[in-house]
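Participant: Mind looking at a prediction? Sequence and model below.
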Amino acid sequence: MKRLVLTKDELTAWVRRMTEGVKVFAPVAVGDYDEFRLVDSDQADLIRWSYQNTRLSPKGLFHPQAERMFKFSTSKEDPEWNILKEVPKDFSPRVIVGMRPCDAAALKIMDVNFDTPEYKDPWWVRRRKATTIVGLACTSPSSTCFCTSVNSGPFDTKGLDVLLVPLGGGRFLLEVVSERGEELCQQFGPGGKEADSEAIATYEELKKKAEAALVPIGDLSPFKERDMLEFFNSPIWDEVQFACINCGVCTYLCPTCWCFDIQDEVYESEGCRLRLWDSCMFPLFTLHGSGHNPRAEKLQRVRQRFMHKLKYYVDKYGQGVACVGCGRCVQFCPVNIDIREVIRLMLVQCECAV
Amino acid sequence: MFDYTEKIREIARRLLQEKKVDGIIGFKKGTIPMMNQPVFITSPDRVELLHWDSWCGVNLANYLPKREGRIGIVAKGCDTRSIVVLSQENQVQRDQLYIIGVPCRGMLDRRKVWEVVGSADVKGIEEGNGKVRVWGNGFDLKLERSELLQNNCVICVHRNPVVFDELVADEVEEQSVDRYEDIRNIEAMSSDEKWNLFQEIFSRCIRCYACRNACPFCYCPQCFVDESRPQWVGKTIDRTDTLTFHLLRAFHMAGRCTDCGACERACPVGIPVRLLTKKLEKDVKELYGYEAGVQLDERPPLDTYKPDDPEDFIK
Amino acid sequence: MAEWEPKILAFLCNWCSYGAADLAGVSRLKQPPNIRIIRIPCSGRMNPKFILQALRKGADGVWVSGCHPGDCHYIEGNYYARRKFALFKNLLEYVGIEPERLHFSWISSAEATKFAAVAKDVVESVKKVGPSSRLIKREAEVE
């Protein structure tokens, strides 16, 4: 495995070289928070190498909040009247720089939905294929983070092609993780020098320290072992749901929530079919054409969100829970519904019942 | 303000033991600093969960509409005004409630703390004598409480509950402030400037509807956003649709909004949504001399009229 | 190139202004052809959504007209409408919609000349600010 040490200037120069060949997305400050934005060579200096994490997860770069899928004409004079035509999109190679390991791990979780042997979401798959991800290890995780408890970690390379580790003193360790990462380094030489044993020792130490800073939330294996109905019928939901106001903050900020809605919009005689994020928190999410709503009550919707992440996903795909512990929902839920606490309640309640 | 917690628990315990109420809506201490969670306590053994500090900005009146039975509710000045509006609108009956009034010196805004400490990761915070100590990775600061107030609290003129059955403490001094300086500044702009300003403000919106759902007055069984025949507003993050949503949301608050700030507080991307509701509040006050949620027996301003209402804009 | 002509959507109360429009036509009063009329049962029926929808669909101006205060067929519909209009007009202006695009009037069914005069006035006023460019719903800007 190739490991290099770069100074911050070398790193910035590397990114700048990339911007001249491919599209580069990186975290930059937008007002009082950070967001992934397309950066050009002049903006390489603005990349926030010391940011905590972006307010919105980078899932939007692969699964945009709203995207046009098809266009159509409703004019009867048009020979292609009412025929859906795919909207051309840009799938040229791109690099996302500075993604946190949790968010990269989240893409792996979403792959099981959008990229399966039977069904492949054409836009997701093509965007994934076009993207190389240069991750940025978390040396000081936030107090709301719990990635180590959910099969990830502050230095997790699962979804990454290259990992950058800030060693302190303006130096970064660059670790090539995948073949694609190797190709990126060949295409745009990062410079720097071979990592010496001291740099590697610092890396190991930082990793250990970061992992130790994360508070474990407990053993999640009961989610796999215990019966679904035990969780579903648990009395805890009544308490968990009380505070919820059914807004979309948790789902929209979440890096693993993938649900979407499809809407047609018509502008005079032209129209387009859009795909947009949807949220299981909204009553409309499950409203049937008949008027019946199987999740008409708030309790059912709140339960769905947690059951999907922690039980249904686990049972269906056998890859653990659909949460990467980024802590966004914990931090931004307006009424402080904390998934860590919900997990605790779910597990405690079930233990009592047994 | 911290001694409020004990008093709230004491009242709650008494109400539950004497079976005066079926449950109490209050706050329990949050799992992270600067956040608390609304909670419904139905048993006297659980009143120890109840908590009060400067981070109780959620408007608990939001949990009242359509709730049955006798309810105790912990309420700040703005929350009690919301209760007044909700009872004017028959969403809750006044005699169904036991209002535990909290005289309030203003709630704090964690965004202001983040701004000062330069980090969203605050590990702890404590308060005393008008100062707030806040610490985290690499910082430990003492800040002035008055500089961390939520924007709506800075200009609050109803810190004391307007209706209550019991107060947890003596009333606090009311402020006398100019509530509309920012609104007047915008009003003085040209149409182009106004348009550009609001385009910029709402461009961040992610349409999560936290502002709508945090509001006690957004209780419609079906929101206009979800109406599809006809569809009044598109559901994407298109700027026109976003502005349409915010205009209609704000207009639905005309003459009702008590400026509790719950909407702005809930916004995950920090949009100052109160700029619209406050404009309406100002107009309602200037045109009809009405202030929302102060008198139980008044009709809301859009539910009544005077024959000589101003009409110089009508040809 | 022909001079630009604005498209103006008028919401007229069935019991008064709509009649006035009719009478103005029957009386052959000269009036600009830019007005498209939607008949509503009362100015109190006007929902702010209708005004927004008109602007979103590209109307250059919106005009709402009802019965004079005291003359409402339903006794008081126009009084409620008056409060809604005042607040909504101010709100739209506050976010940058040009005030020249929104018009309100009281016109009884006998006031054909007033109808023609106000119509002229509305059109002139909208012409002053040119084609509408704000709040028009076009293909969603999403990416």
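Facilitator: Received it, and whenever you're ready, just let me know what you need.
Participant: Please make it C-alpha for all contacts and neighbour counts, starting now.
Facilitator: Will do.
Participant: measure stretch B:208-219 end to end?
Facilitator: Stretch B:208-219 has its terminal residues 16 Å apart, counting by Cα to Cα, to the nearest Å.
Participant: And residue A:308, how far from chain C?
Facilitator: From residue A:308 across to chain C, the span is 28 Å (Cα to the nearest Cα, to the nearest Å).
Participant: likewise residue B:68?
Facilitator: As judged by Cα to the nearest Cα, residue B:68 and chain C stand 32 Å apart.
Participant: so what's residue A:331 up against?
Facilitator: A:144, B:32 (Cα atoms under 8 Å, 6 or more residues apart in numbering or on different chains).
Participant: and with 10 Å instead?
Facilitator: By Cα atoms under 10 Å, 6 or more residues apart in numbering or on different chains, the contact list for residue A:331 reads A:55, A:142-145, A:250, A:337-338, B:31-35, B:120-121, B:268.
Participant: Burial check on residue 100, number of neighbours?
Facilitator: Let's take chain A. 30 (other Cα atoms under 10 Å in any protein chain shown).
Participant: Can you look at chain C instead?
Facilitator: Residue C:100, neighbours per other Cα under 10 Å, totals 19.
Participant: Doesn't it lie inside a helix?
Facilitator: Yes: counting by DSSP: H, G, I helix; E, B strand; the rest coil, residue C:100 is part of a helix.
Participant: Report pLDDT for it.
Facilitator: The score at residue C:100 is 94. That number is its pLDDT.
Participant: Same question for residue C:55.
Facilitator: What the model reports as pLDDT for residue C:55 is 96.
Participant: What number of residues are in the vicinity of residue B:302?
Facilitator: By other Cα under 10 Å, the burial measure for residue B:302, its neighbour count, is 18.
Participant: who's in contact with it?
Facilitator: Residue B:302 touches B:254-256, B:284, B:288, C:79-84, C:87, counting by Cα under 10 Å, 6+ apart.
Participant: quick one on the thing from earlier: farthest-apart pair in the contacts of residue A:331, please.
Facilitator: A:55 and B:31 (19.5 Å; Cα to Cα).
Participant: Make sure residue A:156 is indeed in a strand.
Facilitator: No: counting by three-state DSSP, residue A:156 is not found in a strand; it is coil.
Participant: That one reaches residue A:99, doesn't it?
Facilitator: No: the pair residue A:156 / residue A:99 is not scored as a contact, 11.4 Å apart, by Cα atoms under 10 Å.
Participant: who's more crowded, the two?
Facilitator: residue A:99 (26 against 22).
Participant: how many other residues sit next to residue 96?
Facilitator: If you meant another chain, say so; for now it's chain A. 21.
Participant: nope, chain C please
Facilitator: Residue C:96 has 24 neighbouring residues, counting by other Cα under 10 Å.
Participant: so it is in which element?
Facilitator: Using DSSP states H and E, residue C:96 sits within no helix or strand.
Participant: can you pull the contacts of it?
Facilitator: B:186-187, B:189-199, C:90, C:134-135.
Participant: So for residue A:332, what's the nearest residue that isn't a sequence neighbour?
Facilitator: Nearest non-adjacent residue to residue A:332, counting by Cα to Cα, 6 or more residues apart in numbering or on different chains: residue B:268, 6.1 Å away.
Participant: Okay, the residue lying closest to residue A:2 once chain neighbours are set aside and residue B:264: tell me how far apart.
Facilitator: Closest residue to residue A:2 apart from its sequence neighbours, by Cα to Cα, 6+ apart: residue A:176 at 5.4 Å. Separation of residue A:176 from residue B:264 (Cα to Cα): 43 Å.
Participant: cool, and residue C:48?
Facilitator: 23 Å.
Participant: Between the two, point out the one with more neighbours.
Facilitator: The neighbour comparison of residue C:48 against residue B:264 (other Cα under 10 Å) goes to residue B:264, with 24 against 18.
Participant: Mind giving me the packing neighbours of the helix or strand the more buried one falls within?
Facilitator: If you go by DSSP H and E, residue B:264 is part of helix B:262-266. Where contact means 3 or more Cα pairs under 10 Å, 6 or more residues apart in numbering or on different chains; DSSP states H and E, helix B:262-266 is packed against helix B:151-154, helix B:210-213, helix B:274-288.
Participant: which residues sit against it?
Facilitator: Here helix B:262-266 makes contact (Cα under 10 Å, 6+ apart) with A:247, A:249, A:332-335, B:57-60, B:62, B:79, B:108-111, B:150-152, B:209-216, B:270-275.
Participant: how does it look with 6 Å?
Facilitator: Helix B:262-266 has contacts (Cα atoms under 6 Å, 6 or more residues apart in numbering or on different chains) with A:334, B:58, B:210-211, B:214, B:272-273.
Participant: Get me the contact residues on the stretch 101-250 of chain B for chain C.
Facilitator: Within the stretch 101-250 of chain B, the residues that sit near chain C (Cα under 6 Å from any Cα of the partner chain) are B:191, B:194-195, B:238, B:240.
Participant: just to confirm, which helix or strand has residue 126 in it?
Facilitator: By default, I'm working from chain A. Residue A:126 belongs to helix A:122-130, assigned by DSSP H and E.
Participant: Switch to chain C, please.
Facilitator: With DSSP H and E as the test, residue C:126 turns up in helix C:112-129.
Participant: Need the pLDDT of whichever residue of the stretch 151-300 of chain B sits closest to chain A.
Facilitator: Proximity to chain A, evaluated over the stretch 151-300 of chain B using Cα to the nearest Cα, is greatest for residue B:208 at 4.3 Å. At residue B:208, the pLDDT value in this model is 95.
Participant: ok, it to residue B:268 distance?
Facilitator: With distances taken as Cα to Cα, residue B:208 is found 9 Å from residue B:268.
Participant: Those two: who's more crowded?
Facilitator: More crowded of residue B:208 and residue B:268, by other Cα under 10 Å: residue B:268, with 26 against 23.
Participant: Provide the secondary structure category for that one.
Facilitator: Three-state call for residue B:268 (three-state DSSP): coil.
Participant: and if you look at residue A:167?
Facilitator: strand.
Participant: neighbours of it, just the number please.
Facilitator: Neighbour tally, residue A:167, other Cα under 10 Å: 19.
Participant: next one: the one 5 residues further on
Facilitator: Using other Cα under 10 Å, the number of residues around residue A:172 comes to 25.
Participant: How is it assigned, secondary-structure-wise?
Facilitator: Strictly by three-state DSSP, residue A:172 counts as strand.
Participant: Also residue A:266?
Facilitator: Residue A:266 is classified as strand under three-state DSSP.
Participant: Quick check: closest non-adjacent residue to it.
Facilitator: That would be residue A:272: by Cα to Cα, 6+ apart, it lies 6.5 Å from residue A:266.
Participant: which ones are touching that neighbour?
Facilitator: Per Cα under 6 Å, 6+ apart, neighbours of residue A:272: A:70-72, A:264-265.
Participant: Keeping just the C-alphas, turn the helix or strand harbouring it into CSV.
Facilitator: Using DSSP H and E, residue A:272 maps to strand A:270-277. Backbone C-alpha positions of strand A:270-277 (Å, rounded to 0.1, in the frame of the first residue of the first chain) are rendered in CSV as follows:
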residue,chain,number,x,y,z
GLU,A,270,-43.3,20.9,-22.2
GLY,A,271,-42.8,18.8,-19.1
CYS,A,272,-40.3,16.8,-17.2
ARG,A,273,-40.3,13.9,-14.9
LEU,A,274,-38.4,14.6,-11.7
ARG,A,275,-37.0,12.4,-9.0
LEU,A,276,-36.8,14.1,-5.6
TRP,A,277,-35.9,13.1,-2.1
